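K.L.:
test case, fold it:
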Amino acid sequence: MNRNDWLAARKNGIGGSDASVIAGVNLYKDPITLYKEKLGLIPEPDLSEKQAVQLGVNMEPLLFQMFALANPEFKVLPGVEMEWSEKYPFMYANTDGMLVDEDGRKGVLEIKTATVHNLKSWTKQIPQAYYLQILHYLAVTEADFAILYAWIRPSWGESDTAAWLRKFVVERAGREEEIANLVEMERKFWESIENQKPPAYKKIV
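P.N.:
Numbers count the residues shown, from 1 in each chain. Below is the predicted model:
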């Protein structure tokens, strides 16, 4: 699927990167802007030339190979482009990789590159926007767990400043209520798209 077809397909449902926007916790986009993009009222910004985006695109296959080599306990499979949920037909996922553990459980591999101002935001937990993306993928794929594999570097210092690899495991068990709450938020947002009625939201960041 080329980029234009992919961008057009994104308007037909809600993807993982939309989850934090709908929840009102995205620092760069609000639900009204997303609503207008989905309806084609405004164009979706082209971020492909941004340095951070190009870095992520170039690093992803390398990080995918690194994860597979460093984690032989998993069978690591390529991700799925535009996987649509059978249970929630308004939701889709673009996964970086799929996993099978030694017990035969199904997992999602999400790869991130990040240049951050505050390393503490990655110290003990996944940043909220990425966590919601993980919950979205668990809902769509019905996987048992997800792993976020992140290459992180600070935004200050010289070019030789060390970067870190972080691995976060998110088990589905114990998170069904969170997943259900996110699905319900996304369902209401999609109803606003279908009814062409802007969603109501309160900014919480």
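
K.L.:
can you list the low-confidence ranges for the chain?
P.N.:
Residue ranges of the chain with pLDDT under 70: 1-7, 117-121, 156-161, 201-205.

K.L.:
could you pull out the helices for it?
P.N.:
Under the criterion DSSP state H, the chain contains helices at 3-10, 19-22, 31-38, 51-70, 128-141, 176-195.

K.L.:
and of these, who's closest to residue 85?
P.N.:
Residue 85 lies closest to helix 128-141 among those, at 4.4 Å (CB to CB). Heads up, the C-betas are built off the backbone N, CA and C, glycines and all.

K.L.:
tell me what the closest one is packed against?
P.N.:
The contact analysis (3 or more CB pairs under 8 Å, 6 or more residues apart in numbering; DSSP states H and E) places helix 128-141 against helix 19-22, strand 83-84, strand 92-93, strand 106-116, strand 145-154, strand 164-171, helix 176-195.

K.L.:
relative to the whole chain's centre, how far out is it?
P.N.:
Here helix 128-141 shows a centroid-to-chain-centroid distance of 6 Å under the convention CA atoms, centre = their mean, to the nearest Å.

K.L.:
got the angle between it and helix 176-195?
P.N.:
80 degrees (axes from the mean of the first three to the mean of the last three CA atoms, to 10 degrees).

K.L.:
list the buried residues for helix 128-141?
P.N.:
By 16 or more other CB atoms under 10 Å, the buried positions in helix 128-141 come out as 129-141.

K.L.:
what's in contact with it?
P.N.:
Residues from elsewhere that reach helix 128-141 (CB atoms under 8 Å, 6 or more residues apart in numbering): 14-20, 23, 25-27, 83-85, 87-88, 91-93, 95, 98, 106, 108, 110, 112, 125-126, 143, 146, 148, 170, 172, 175, 178-179, 182-183, 186.
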